[in-house]
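Q: Need a 3D model of the sequence below.
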Amino acid sequence: MNFGYNETQSMIAQSIRDFAEQHIRPNIMEWDEAQTFPVPLFKKLGEMGFMGVLVPEELGGSGLGYHEYITVVEEISKVDPSIGLSVAAHNSLCTNHILTFGNEEQKKKWIPKLATAEHIGAWGLTEHNTGSDAGGMNTTAVKDGNDWIINGAKNFITHAISGDIAVVIVRTGEKGDSKGMTAFVIEKGTPGFSSGKKENKLGMRASETAELIFSDCRVPDANRLGEVGQGFIQAMKVLDGGRISIGALALGIAKGAYEAALKYSKERHQFGQPISEFQGIAFKLADMATEIEASELLLHKAAYLKQEHQPMTKLGAMAKMYASEVCVKVSSDAIQIHGGYGYTKDFPVEKFFRDSKLCTIGEGTTEIQKLVISRNLLKE
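A: Reported below is the predicted structural model:
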């Protein structure tokens, strides 16, 4: 086992840090308060290869693995989690779905533009009344000659407005049937395909979240990913990798909040000494650092299994669940260490705290992760 960064990971980490300091940090609160999704920033990230981390080089990507991917998402999220979230969603959901389940023609058509961020990707599974119960979706696709007619809506979709293409999972069979759903790629500008309400969110405000709406949207059968009826099964496999993404996002938030708290505790003096010298603060820092280490190890073990094409559903759920709960706790404790200043927007921990909660909800709630873990345990 090797617990250190390899040369590639070290180079990636430094490259991201330099990029983030120049292009992200100066704009964090402006983007957050205006809820600006900074498309030009993602074009720059695409030029650097960070929007196609897992995509093979022959398709325009970086050709890297999951350990390097974790490094990318984590390092961005240490500075601005909302940017990390959008990078993760683009890479692991839309792009990875096409990369994993598309045929050669589909990959050549869509992947190169996604890998370079010439196109921004969206992915649609969730609906208004079907969050964790994805099998109960109401959006349908009906075959009409060589086309499919799609009607319905998806919500809580990252990049629903700014995205150039979306992979959506819709019902082509009976409601509740795990083999009654199919995945399609839908391009912006397709008649009947539009975006709806943009969500006004607690955190992750620079990552765009909105509705996708389908009204007699005609999509050619050539845009179907895989076999009819395999959409839900594909989505669950995509979410296995997505959990590593959210785990990396959570790890970055936890590290960012911890580093801010550690720095502040050394600088802030009370009763003639740095507050880090008080046991109440020092023990908080000890707990934070330990839980971050545990999150990181669990996450990279899941990444190792994914990289080796071994079963990793249980480990992925464990990593996502643990890291997401840790990032909420760490960011909360970071505010406590800052005291009243932590409750203001003048210090970064306030934003880490707001952003952290999404990690326990997105791509499967903590409760769903426990369900996944327990079901896998009982199969063993």
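
Q: Please read off the pLDDT at the residue of the chain positioned farthest from its centre from the model.
A: The outermost residue of the chain, judged against the average C-alpha position, is Gly272 (43.6 Å), by CA atoms, centre = their mean. Per-residue pLDDT puts Gly272 at 97.

Q: for Lys175, same thing?
A: 88.

Q: Shouldn't it be within a strand?
A: No. Secondary structure of Lys175 (DSSP: H, G, I helix; E, B strand; the rest coil): coil, not part of a strand.

Q: Contacts only, for it.
A: Gly135, Gly136, Met137, Asn138 (CB atoms under 8 Å, 6 or more residues apart in numbering). C-betas here are computed from N, CA, C, even on glycine.

Q: go on, Arg205?
A: Arg205 touches Trp31, Asp32, Glu33, Gln35, Ser82, counting by CB under 8 Å, 6+ apart.

Q: Need the three-state assignment for Phe214.
A: Secondary structure, three-state DSSP: Phe214 is strand.

Q: and if you look at Thr190?
A: Taking three-state DSSP, the label given to Thr190 is coil.

Q: My guess is it contacts Val219. True?
A: Yes. Taking contacts as CB atoms under 8 Å, Thr190 lies within contact range of Val219: 6.7 Å.

Q: Of those two, which one has the most company?
A: Val219 (22 against 17; other CB atoms under 10 Å).

Q: Mind naming the longest helix for this protein?
A: Using DSSP state H to define each element, the chain has its longest helix at helix 231-267.

Q: Neighbouring strands - and their directions - for the following helix or strand past that one?
A: Where DSSP states H and E defines the elements, the next helix or strand beyond helix 231-267 is strand 269-270. Each strand paired with strand 269-270, and its direction, by DSSP bridges: strand 273-274 (antiparallel).

Q: thinking again about what came up before, which positions in the longest helix of the chain come out as buried?
A: Across helix 231-267, burial judged by 16 or more other CB atoms under 10 Å covers 231-258, 260-262, 264-265.

Q: what about Thr290, how many residues close to it?
A: 11.

Q: next one: Glu199
A: The tally of other residues near Glu199 (other CB under 10 Å) stands at 16.

Q: Any figure for the gap between it and Leu315?
A: 31 Å (CB to CB, to the nearest Å).

Q: got it, and His159?
A: The value you get for His159 to Leu315, if CB to CB is used, is 28 Å.

Q: what about the two, which has more around it?
A: His159 (27 against 23).

Q: where does Pro348 fall, phi/psi-wise?
A: Here is the backbone geometry of Pro348 (degrees, to the nearest 10): phi -70, psi -20.

Q: pretty sure it contacts Ala261?
A: No. Taking contacts as CB under 8 Å, Pro348 lies outside contact range of Ala261: 9.9 Å.

Q: Pull up the overlap in contacts between those two.
A: By CB under 8 Å, 6+ apart, no residue touches both Pro348 and Ala261.

Q: CA-only coordinates of stretch 239-254, as CSV, when you get a sec.
A: Below are the C-alpha coordinates for stretch 239-254, written out as CSV (Å, rounded to 0.1, in the frame of the first residue of the first chain):
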residue,chain,number,x,y,z
LEU,A,239,-24.1,6.7,-9.0
ASP,A,240,-21.5,4.3,-7.6
GLY,A,241,-18.8,6.5,-9.1
GLY,A,242,-20.8,9.6,-8.2
ARG,A,243,-20.5,8.7,-4.6
ILE,A,244,-16.8,8.9,-4.9
SER,A,245,-17.3,12.3,-6.4
ILE,A,246,-19.4,13.5,-3.5
GLY,A,247,-17.0,11.9,-1.0
ALA,A,248,-14.2,13.9,-2.6
LEU,A,249,-16.3,17.1,-2.5
ALA,A,250,-17.0,16.5,1.2
LEU,A,251,-13.3,15.7,1.9
GLY,A,252,-12.4,19.0,0.3
ILE,A,253,-14.9,20.9,2.4
ALA,A,254,-13.8,19.3,5.6
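
Q: So for that stretch, mean pLDDT?
A: 96.

Q: cool, stretch 55-70 as well?
A: Stretch 55-70 comes out with an average pLDDT of 97.

Q: Endpoints of that stretch, how far apart?
A: Stretch 55-70 stretches 14 Å from its first residue to its last (CA to CA, to the nearest Å).

Q: So for the helix or strand harbouring Val219, what gets flagged as buried?
A: Here Val219, judged by DSSP H and E, is contained in strand 209-220. Neighbour-count burial for strand 209-220, counted by 16+ other CB under 10 Å, picks out Thr209, Ala210, Glu211, Leu212, Ile213, Phe214, Cys217, Val219.

Q: Let's verify the nearest residue to the fourth one once chain neighbours are set aside: helix, strand, or coil?
A: This points to Leu212. Spatial nearest neighbour of Leu212, excluding adjacent residues (CB to CB, 6 or more residues apart in numbering): Lys154 at 4.3 Å. Three-state assignment for Lys154 (three-state DSSP): strand.

Q: One more: the one 3 residues further on?
A: Three-state assignment for Ile157 (three-state DSSP): strand.

Q: Return the distance of it relative to Gly340.
A: Ile157 is 37 Å from Gly340, where distance means CB to CB.

Q: And for Gly46?
A: Distance from Gly46 to Gly340, by CB to CB: 41 Å.

Q: which one of the two has more residues nearby?
A: Gly46 (22 against 7).

Q: Phi, psi for that one please.
A: Taking degrees, to the nearest 10 as the convention, Gly46 sits at phi -60, psi -40.

Q: which ones are touching it?
A: Gly46 neighbours (CB under 8 Å, 6+ apart): Gly52, Ala115, Thr116, Ala117, Glu118.

Q: Out of those, which is nearest to Ile24?
A: Ala117 (15.1 Å; CB to CB).

Q: quick check, that closest one in a strand?
A: No. Using three-state DSSP, the assignment for Ala117 is coil, not a strand.

Q: Could you count how many residues lie near it?
A: Applying other CB under 10 Å, I find that Ala117 has 25 neighbouring residues.
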